[in-house]
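> Okay, sequence plus prediction incoming.
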Amino acid sequence: MTKQTEAILYTSKVLLGNVKRILKHQEEIKKLKGENFNVFSILKMESKENGTHSAFLGELLNPKGSHNFKSVFLGLFLQQLGCKGLDLNSAEVVLEYSLGFINDKAKTGGRVDIYIKDATNKTICIENKIYATDQNLQIKRYSNHNKGNNTVYYLTLTGEEPADWSKDDLAINEDYHCISYRKIIIEWLELCLKEAADQPILRESIKQYIILLKKLTNQLSDDKMEKEIKDIIKSNYKSAKTISDNIEVVEVEYASLYLNEIGEMVINELNETESIWTFEVDNDLTRAWSALDIHNAKWPSEIVVELQGNSKIYSSQNDYGLIAHRDCFNRESICEKLEKNGFSQSEWTSNATWVCYNNIMNLGDIDERANLFNDKTRAKLVEQVATRIIELCRLCDLPLRNFPKIETT
C-alpha cells in the first residue's frame, strides 16, 4: 500500500466518522423538533402513489381545493416547471383521469394520475411513480392524447426516465419531461409553505409532507447539517470521491449475494420432490431491469418466475411475478388454469410482459438496503422474499407444464 493510498484510507475513515456524527446529531434534532411524528409515516402511507402522493399534490394544485388559495399553488407549480400557456382562471385538476380504454395497437388510452386542463383545451398529464413498475406503452399513450396541446411529465423521486416499453420511441424533453420530488416538488412545496405561513394547519401539513419527501429522497431536513456535510466533502474531496466511486460496487456485490441466496433457497425447497427447478442471476446488475429468474424444466423457456428491479435491483423497488408475454402465449388460458389452482388476478397487476406481478421489497429505501450488508438482517430478507417466490412457483408448476405457445404464420 502506497503512502498516498494510506492517506486516502485514513482521511476516508475520518470523513465517514464525521458524517456519522452529523447524522446522529440529525436524529437528535429530529426528536427535539418532533419530526419523527409524521402522519404519513405513522399511517403507512409513505409509498402509496395515488392514495398519498397524487392525492396530496392534486389537492394543492386544484384551484378549487380545500386550501382556499385558488390557483396560487398551481401557478407556482407551473412556474417551477417553466410551463407556460395554461389559463389559470379556467384550469381544472382531475385525479385518475380516464383517457379511454387502453389500446396497445393504437397506443392510446389509460388513466392519468394527475390531469390538468383549461378552457382553451391545453392539458398536462403527470404520471406519478414512487415505486410502481411502468405499464406497457404508458407514456407513449399519454403523449398521443390531445396532440399539440398536451404536455407529459414523468414524476419520480429522483428524476429517472421511464422504461423503454413505456416511452416507446419518444424523445425526452421533446415528447415528455422528467421531473423529480427531490428537486422540483420539494422546491415548489417550499414556495407553497411561504404562501401558507399564516394558515397553521395547512402550513404544518405541507411541512410534514416535505419532511416525508426528504426522507424518501435521502436528504437531510436540517440545512446547517447539510452544509456541514458539503464542507467536509470539499475539505476531503479525494477521499469522498473514492468512497463515492465504490458505493455502487459494494451495493452490486451484496445484491448479487442476496439474489443468489434467494435462488438457492427457492430451488433447494422446490427440488425436494422433483429436480426440475433452476435459477439464473443477471451478470450485470447495474443494468436497468436486471433480475433473478426461476426456470422450470417442464415449462416453455419463455415462461419464468422473476424477481426484478424497478429499475436497478439494488437501489429500487423490487417486483416479483410470472412472465409470459401475451404475444407468445394465450394469457386468458394461463389465468384460467392458474385460477383453478387458487390464483386470484385481482391481487396482482399485469401488463404485456407480466401475467402478474407485485411489489415485494423496496431497496430504494436506504434503511432497507442497509440490511443487505449484515448477514443476519440479509438472511431475514432472503427468507421473506424466497417464501413468496416459492408460493408462486408451486401455484404455477403443474398448470404451466408443456403450455403451448401461440402459433405464428
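Cool, the structure landed. As the structure is a prediction and not an experimental result, all values here were calculated from the model.
> Just say helix, strand or coil for residue 329.
coil (DSSP: H, G, I helix; E, B strand; the rest coil).
> For residue 308, see how far away it is.
19 Å (C-beta to C-beta, to the nearest Å). (C-beta placed from N, C-alpha, C; glycine too.)
> Flag the shaky bits of the stretch 151-300 of the chain, pLDDT-wise.
220-222, 225 (pLDDT under 70).
> Would you map the helices across it?
164-167, 186-195, 200-216, 223-235, 237-270 (DSSP state H, counting those that start in this stretch).
> can you map out the strands along the stretch 51-200 of the chain?
Using DSSP state E, counting those that start in this stretch, the strands of the stretch 51-200 of the chain run over residues 92-98, 111-117, 123-128, 150-156, 177-180.
> Quick check: which of those strands is nearest to residue 71?
strand 92-98 (9.9 Å; C-beta to C-beta).
> For the closest one, list every residue counted as buried.
93, 95, 97 (16 or more other C-beta atoms under 10 Å).
> list the contacts for the last one?
If I follow you right, that is residue 97. Taking C-beta atoms under 8 Å, 6 or more residues apart in numbering, we find residue 97 in contact with 111, 112, 115.
> The same query, at a cut-off of 10 Å, please.
110, 111, 112, 113, 114, 115, 116, 117, 123, 125, 145 (C-beta atoms under 10 Å, 6 or more residues apart in numbering).
> so how far is residue 329 from it?
Counting by C-beta to C-beta - residue 97 and residue 329 are separated by 32 Å.
> Any chance of TSV for the contacts of residue 97, columns neighbour count?
Formatted as TSV, those follow (neighbours: other C-beta atoms under 10 Å):
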residue	neighbour count
110	24
111	17
112	24
113	22
114	24
115	22
116	26
117	21
123	21
125	25
145	19
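> for those, which one is nearest residue 401?
Among the contacts of residue 97, and counting by C-beta to C-beta, the member closest to residue 401 is residue 110, at 34.8 Å.
> I'd say the closest one and residue 137 touch.
Yes. Counting by C-beta atoms under 10 Å, residue 110 touches residue 137, with 8.5 Å between them.
> domain parsing for this protein?
3-35+225-235, 39-220, 247-396 (automatic domain parsing).
> between the ones you listed, which one is nearest to residue 407?
domain 247-396 (10.4 Å).
> coming back round to it: redo the strands of the stretch 51-200 of the chain as a markdown table? Include distance to residue 244.
Formatted as a markdown table, the strands of the stretch 51-200 of the chain follow (distance: least, C-beta to C-beta, whole Å):
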| stretch | distance to residue 244 |
| --- | --- |
| strand 92-98 | 39 |
| strand 111-117 | 33 |
| strand 123-128 | 29 |
| strand 150-156 | 22 |
| strand 177-180 | 20 |
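> which residues touch residue 375?
So residue 375 contacts residue 257 (C-beta under 10 Å, 6+ apart).
> how about a cut-off of 6 Å?
By C-beta atoms under 6 Å, 6 or more residues apart in numbering, the contact set of residue 375 is empty.
> Equivalent analysis for residue 395, please.
So residue 395 contacts 341, 343 (C-beta under 6 Å, 6+ apart).
> Give me the distance between it and residue 299.
Distance from residue 395 to residue 299, by C-beta to C-beta: 13 Å.
> Give me the phi and psi angles of the closest residue to residue 101 other than its chain neighbours.
Excluding its sequence neighbours, the residue lying closest to residue 101 (C-beta to C-beta, 6 or more residues apart in numbering) is residue 109, at 5.0 Å. With angles defined as degrees, to the nearest 10, residue 109 sits at phi 90, psi 180.
> burial count for residue 109?
Residue 109 has 17 neighbours, counted by other C-beta atoms under 10 Å.
> So it sits against residue 99, correct?
Yes. Applying C-beta atoms under 6 Å, one finds residue 109 in contact with residue 99, separated by 5.2 Å.
> so what pLDDT did the closest residue to residue 184 other than its chain neighbours get?
Spatial nearest neighbour of residue 184, excluding adjacent residues (C-beta to C-beta, 6+ apart): residue 80 at 5.8 Å. Residue 80 is assigned 95 on the pLDDT scale.
> before we move on, the earlier item: present the domains of the chain as CSV; the columns should include distance to residue 405.
Formatted as CSV, the domains of the chain follow (distance: least, C-beta to C-beta, whole Å):
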stretch, distance to residue 405
domain 3-35+225-235, 53
domain 39-220, 20
domain 247-396, 5
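> Can you say which of those is nearest to residue 241?
With C-beta to C-beta as the yardstick, what comes closest out of these is domain 3-35+225-235 (8.8 Å).
> Determine which of the strands of the stretch 51-200 of the chain approaches residue 284 most closely.
Comparing the strands of the stretch 51-200 of the chain by C-beta to C-beta, strand 150-156 comes nearest, at 22.3 Å.
> Which strands and helices lie in contact with the closest one?
strand 123-128, strand 177-180 (3 or more C-beta pairs under 6 Å, 6 or more residues apart in numbering; DSSP states H and E).
> For the residue nearest to residue 92 when sequence neighbours are not counted, give the beta-bridge partners.
With sequence-adjacent residues excluded and distances taken as C-beta to C-beta, 6+ apart, residue 92 is closest to residue 117, at 5.6 Å. Beta-bridge pairing of residue 117 under DSSP bridges involves residue 92, residue 123.
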